[in-house]
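Engineer: need coordinates for the following:
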Amino acid sequence: MSNDALCVGVCMIDWDTGVCLGCGRTSDEINGVPVAEPPPAEMPRPQQSAVAAPLPPNVADALGEGSD
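Structural biologist: Numbering: from 1, shown residues only. Next up, the predicted model:
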């Protein structure tokens, strides 16, 4: 059994899916192969509210309030 916290001591790779039947990880994940982060464009964006926040007074004075 591994010292890995996710390891449950049942190391059997399903060769059709490439996933361990014990812990559900791929062999690359088990062996510590780094996984690339998704590019920023693919990361989920936070939801924007329908009502725009008012401008700070100093910005409103410099630029004006704008129009709808």
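Engineer: so which bits of stretch 5-23 are buried?
Structural biologist: Neighbour-count burial for stretch 5-23, with 16 or more other CB atoms under 10 Å as criterion, is recorded at 19-20, 22-23. In short, each C-beta sits where N, CA and C put it, glycine included.
Engineer: do stretch 24-42 as well
Structural biologist: For stretch 24-42, by 16+ other CB under 10 Å, it's 25, 30.
Engineer: rewinding a little: what's the farthest-apart pair in the buried residues of stretch 5-23?
Structural biologist: Val19 and Gly22 (9.7 Å; CB to CB).
Engineer: any low-confidence regions in the protein?
Structural biologist: 1-3, 42-45, 48-52, 65-68 (pLDDT under 70).
Engineer: give me the phi and psi angles of the residue of the chain most remote from its centre.
Structural biologist: Residue farthest from the centre of the chain, counting by CA atoms, centre = their mean, is Asp61 at 39.2 Å. Phi and psi for Asp61, reported as degrees, to the nearest 10, are phi -70, psi -40.
Engineer: so how far is Ala41 from the residue lying closest to Leu21 once chain neighbours are set aside?
Structural biologist: Nearest residue to Leu21, sequence neighbours excluded (CB to CB, 6 or more residues apart in numbering): Met12, at 4.6 Å. Remark: distance between Met12 and Ala41 (CB to CB, to the nearest Å) = 38 Å.
Engineer: next: Asp16.
Structural biologist: Distance from Asp16 to Ala41, counting by CB to CB: 32 Å.
Engineer: what of Cys23?
Structural biologist: Taking CB to CB, one finds Cys23 at 31 Å from Ala41.
Engineer: which stretches of this protein form strands?
Structural biologist: For the chain, applying DSSP state E gives strands covering 13-14, 19-20.
Engineer: to Cys7, which of the ones you listed lies closest?
Structural biologist: Here strand 19-20 is closest among the strands of the chain (CB to CB), at 8.7 Å.
Engineer: who are the contact partners of Glu29?
Structural biologist: Val35 (CB atoms under 8 Å, 6 or more residues apart in numbering).
Engineer: begin at 23 from here
Structural biologist: Taking 23 as the first residue, the last one we looked at is Glu51.
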